[in-house]
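Undergrad: Pasting the sequence and the predicted coordinates here, then a few questions.
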Amino acid sequence: MPQRIPIAQPSLLGREREYVMDALDTGWISSIGPFIDRFEHAFAEYHGIKHAITTHNGTIALHLALVAAGIGPGDEVIIPDLTFVATANAVRYCQAVPVLTDVNPLDWNIDLQAIREKITPKTKAIIPVHLYGNPVLMEELVKLAGEHHLLIIEDCAEAIGALVRNRKVGTFGHISCFSFFGNKVITTGEGGMCITNDDSMADKMRILRDHGMNRGKRYWYDVMGFNYRMTNMQAAVGVAQMEQLDFLLMERDRIYAGYHEKLSSCSQILFQDTHGNRNINWLFTLRVKGFTGQQRDLLMTGLLEAGIDSRPVFYPIHQLPYYQETAFSRGTFPVSDRISREGISLPTFVGLSQEQLEFITETLIRIIETL
Ligand SMILES: Cc1ncc(COP(=O)(O)O)c(C=O)c1O
């Protein structure tokens, strides 16, 4: 294989260029413009939800959602230990406490039984993360949260289009947040979105995203807000991406099926259990049973030498220095430790050819056998 196979790459095969040129030609390059409205409208419609609010990225979408939901100093928010760091950081931005919770060895998502043990009178919300595109068992989680009067903020950064028994992720939470970073299923370069059916929370998010400016009295600020707005140029790309979403997801299904077919005969390899739901395969990720972190790194080096990019599974939040040095990471997290040690993600992007896929899987198996 002459060229390195990247782990991810954006798919800009539709009207992205045309729409961005439109934004440039009309001068609507900042955070007001027709593409913002079109992107929000298309996103809300896709999810069958009332409000969609664009933001500049997925991290601040989470922060905006938490602030709008009233999360503040001292509140506890239950999150999975195995996630991208932004989930935890967004809670800290509110001076709230991210209560790290171990994940389930089958689907690698937050463990519902472990959540029960973490609930205290200070618990205000849960942030389930649909890791690598594999949906959390949301019906059970909604029931559990309801019993304890907890809010759910869904972190759907990696999982647009994923289904729990035919219902889209993002439609279960009080607010749900998405990311459109360059390696995501749809991208706007940087970008994010909050969706909700709650009129009051939507109103708060729109005001907070715009410095807290009073709707009826311009340049008057009742609350301290942020500048978390998306630009019309980003949204122009987003509109074009939404037009292709079904195709982009189909391509990911194809890659998912291909990896499964080629790798399932290797008894050392474990996959995320979907429980029959739709994992949209943001990044195809597997575990090599019994691997140490060192073996995982050697596997990644071997792949790179063969021209194949890969990525380790996220390091658990409790291992990160600035979480370790605080009281947030109390407890043990054997499952997230193990998955992180054993796990790698393989190239997953629209246009990955069958030939590349076979080369990747053959190389992977060959290296695993030598380690
Ligand atoms: C689970 C998760 N949450 C939040 C984010 C943050 O999104 P962004 O990179 O757009 O800030 C990401 C992605 O990068 C993510 O994977």
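TA: Thanks, I have it. Residues are numbered from 1 along each chain as shown.

Undergrad: Contact partners for Leu163?
TA: Contacts for Leu163 (CB atoms under 8 Å, 6 or more residues apart in numbering) come out as Pro135, Val169, Asn277, Arg278. From N, CA and C alone the C-beta is placed, and that goes for glycine too.

Undergrad: a markdown table for the residues you listed, including neighbour count and distance to the ligand?
TA: A markdown table is the format used below for the contacts of Leu163 (neighbours: other CB atoms under 10 Å; distance: CB to the nearest ligand atom, whole Å):
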| residue | neighbour count | distance to the ligand |
| --- | --- | --- |
| Pro135 | 29 | 13 |
| Val169 | 29 | 12 |
| Asn277 | 20 | 17 |
| Arg278 | 21 | 18 |
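
Undergrad: Redo these as a markdown table? Include secondary structure and pLDDT.
TA: Output for the contacts of Leu163, formatted as a markdown table (DSSP: H, G, I helix; E, B strand; the rest coil; pLDDT from 0 to 100):
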| residue | secondary structure | pLDDT |
| --- | --- | --- |
| Pro135 | coil | 98 |
| Val169 | coil | 98 |
| Asn277 | coil | 98 |
| Arg278 | strand | 98 |
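
Undergrad: With respect to Met21, which of these is nearest?
TA: Comparing the contacts of Leu163 against Met21 with CB to CB picks out Val169 as the nearest, at 33.1 Å.

Undergrad: Now do the same for the closest residue to the closest one other than its chain neighbours: its pLDDT.
TA: Spatial nearest neighbour of Val169, excluding adjacent residues (CB to CB, 6 or more residues apart in numbering): Ala162 at 4.6 Å. pLDDT for Ala162: 98.

Undergrad: Just the element for Tyr19, please.
TA: Taking DSSP states H and E as the criterion, Tyr19 maps to helix 16-26.

Undergrad: Could you export that helix as PDB, CA atoms only?
TA: Output of helix 16-26 as PDB, limited to C-alpha atoms (Å, rounded to 0.1, in the frame of the first residue of the first chain):
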ATOM      1  CA  GLU A  16     -20.300  22.200   0.500                       C
ATOM      2  CA  ARG A  17     -18.200  24.400  -1.800                       C
ATOM      3  CA  GLU A  18     -21.300  25.900  -3.500                       C
ATOM      4  CA  TYR A  19     -22.900  26.800  -0.100                       C
ATOM      5  CA  VAL A  20     -19.700  28.200   1.400                       C
ATOM      6  CA  MET A  21     -19.200  30.300  -1.800                       C
ATOM      7  CA  ASP A  22     -22.700  31.600  -1.400                       C
ATOM      8  CA  ALA A  23     -21.900  32.700   2.200                       C
ATOM      9  CA  LEU A  24     -18.800  34.400   1.000                       C
ATOM     10  CA  ASP A  25     -20.500  36.000  -2.000                       C
ATOM     11  CA  THR A  26     -23.400  37.400   0.000                       C
END
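
Undergrad: contacting residues around the helix or strand following that helix?
TA: Note on helix 16-26: by DSSP H and E, the next helix or strand toward the C-terminus is helix 34-47. Contacts of helix 34-47 with the rest of the structure, by CB under 8 Å, 6+ apart, involve 19, 22-23, 28, 50-54, 168, 170-171, 178, 188, 193, 195, 230, 232-233, 235-236, 238-239, 242, 245.

Undergrad: How many neighbouring residues does Gly307 have?
TA: 15 (other CB atoms under 10 Å).

Undergrad: Does it touch Gln3 like I think?
TA: Yes: using CB atoms under 8 Å, Gly307 is in contact with Gln3, at 7.0 Å.

Undergrad: What lies in contact with stretch 322-339?
TA: Counting by CB under 8 Å, 6+ apart, 80-82, 88, 97-100, 102-105, 108, 111, 287, 313, 316-319 sit against stretch 322-339.

Undergrad: List the buried residues for that stretch?
TA: The neighbour-count check on stretch 322-339 (16 or more other CB atoms under 10 Å) flags Tyr323, Phe328, Ser329, Phe333, Val335, Ser336, Asp337, Arg338, Ile339 as buried.

Undergrad: I'd like to know the average pLDDT value across that stretch.
TA: The average pLDDT for stretch 322-339 rounds to 86.

Undergrad: Is there proximity between that stretch and the ligand?
TA: No: Stretch 322-339 lies out of reach of the ligand by CB under 6 Å from any ligand atom, never closer than 13.7 Å.

Undergrad: any idea of the angle the helix holding Tyr19 forms with helix 34-47?
TA: 140 degrees (axes from the mean of the first three to the mean of the last three CA atoms, to 10 degrees).

Undergrad: So what's the residue count around His130?
TA: 29.

Undergrad: Same check on Arg206?
TA: Neighbour tally, Arg206, other CB under 10 Å: 18.

Undergrad: what helix or strand is the residue lying closest to Leu82 once chain neighbours are set aside on?
TA: Excluding the flanking residues, the one nearest Leu82 by CB to CB, 6+ apart is Ser336, at 3.8 Å. In the assignment (DSSP H and E), Ser336 maps to helix 334-342.

Undergrad: do the same with Glu261
TA: Judged by DSSP H and E, Glu261 forms part of helix 245-263.

Undergrad: Could you give the separation of that helix from the chain centroid?
TA: 18 Å (CA atoms, centre = their mean, to the nearest Å).

Undergrad: What segments of this protein are helices?
TA: 16-26, 34-47, 58-68, 85-93, 112-118, 138-147, 199-209, 232-243, 245-263, 293-305, 321-324, 334-342, 354-370 (DSSP state H).
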